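Asker: Turn this into a structure:
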Amino acid sequence: MLLGTLDTKGAEYAFLRERILASGCDVLLVDCGVMSTSPLADVSADEVAAAAGEDRAALAAAGDRGPAVAAMTRGAIETVRRLHAEGRFDAILGIGGSGGSSFVSATGVAGFFGASSMERLPTEVAITENMKRFKKIGRGAA
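Answerer: Numbers count the residues shown, from 1 in each chain. So this is what the prediction gives:
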């Protein structure tokens with residue numbers, strides 16, 4: 001799963017999605033962007049906001065970043081819990097500034113990989129190597 005804000009990092013998430021797919025893994029892209037209406041997302045920002053009982057467009061229109069990010073974080077937590085319970089993902093990744101990584105860490109998923117800045121991290125190599133490792137992990141009984 002890729003979890004992040006497509007309103008500000010859409011191109012980066014599109015690139016990562018392509019690279020992960022090329023490595024032979026499936027990708028589920030979840031958008032937490034308050035200003036986002038990205039068609040790239042498998043789970044839209046509207047759906048994430050709704051999972052928190054909020055309306056994304058109303059959050060964006062209010063223009064108050066703090067409550068909007070808090071609502072999207074609540075929605076991300078609920079969305080990740082639901083998708084995990086459905087067995088829809090095995091790993092989670094967030095990128096870009098503190099925002100992308102903070103959404104992922106808030107979900108409580110153990111072992112997440114969050115890059116604080118794509119420009120300062122050899123992200124592609126790390127992702128490729130981690131995807132190879134994840135593909136080797138079987139789904140056993142918990």
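Asker: Tell me the confidence at the closest residue to residue 2 other than its chain neighbours?
Answerer: Nearest residue to residue 2, sequence neighbours excluded (C-beta to C-beta, 6 or more residues apart in numbering): residue 29, at 4.9 Å. To be clear about C-beta, it is placed using only N, CA and C from the backbone, and glycine gets the same treatment. With respect to pLDDT, residue 29 has a value of 95.
Asker: what residues are up against residue 29?
Answerer: Counting by C-beta atoms under 8 Å, 6 or more residues apart in numbering, residue 29 touches 1-2, 6, 13, 17, 40-43.
Asker: Adding secondary structure and distance to residue 71, write those out as TSV.
Answerer: Shown next, in TSV, are these (DSSP: H, G, I helix; E, B strand; the rest coil; distance: C-beta to C-beta, whole Å):
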residue	secondary structure	distance to residue 71
1	coil	20
2	strand	20
6	helix	17
13	helix	21
17	helix	25
40	coil	21
41	coil	17
42	coil	20
43	strand	15
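Asker: Any of those residues buried? List them.
Answerer: 1-2, 6, 13, 17, 41, 43 (16 or more other C-beta atoms under 10 Å).
Asker: Nearest to residue 133 among these?
Answerer: Closest approach between the buried ones among the contacts of residue 29 and residue 133, by C-beta to C-beta: residue 1, at 15.9 Å.
Asker: you'd agree the closest one is up against residue 94?
Answerer: No: applying C-beta atoms under 8 Å as the test, residue 1 and residue 94 come out as separate, 9.2 Å apart.
Asker: intersection of neighbour lists for these two?
Answerer: By C-beta under 8 Å, 6+ apart, no residue touches both residue 1 and residue 94.
Asker: returning to that earlier point: which among the buried ones among the contacts of residue 29 gets closest to residue 54?
Answerer: Proximity of the buried ones among the contacts of residue 29 to residue 54 (C-beta to C-beta) peaks at residue 43, which lies at 14.9 Å.
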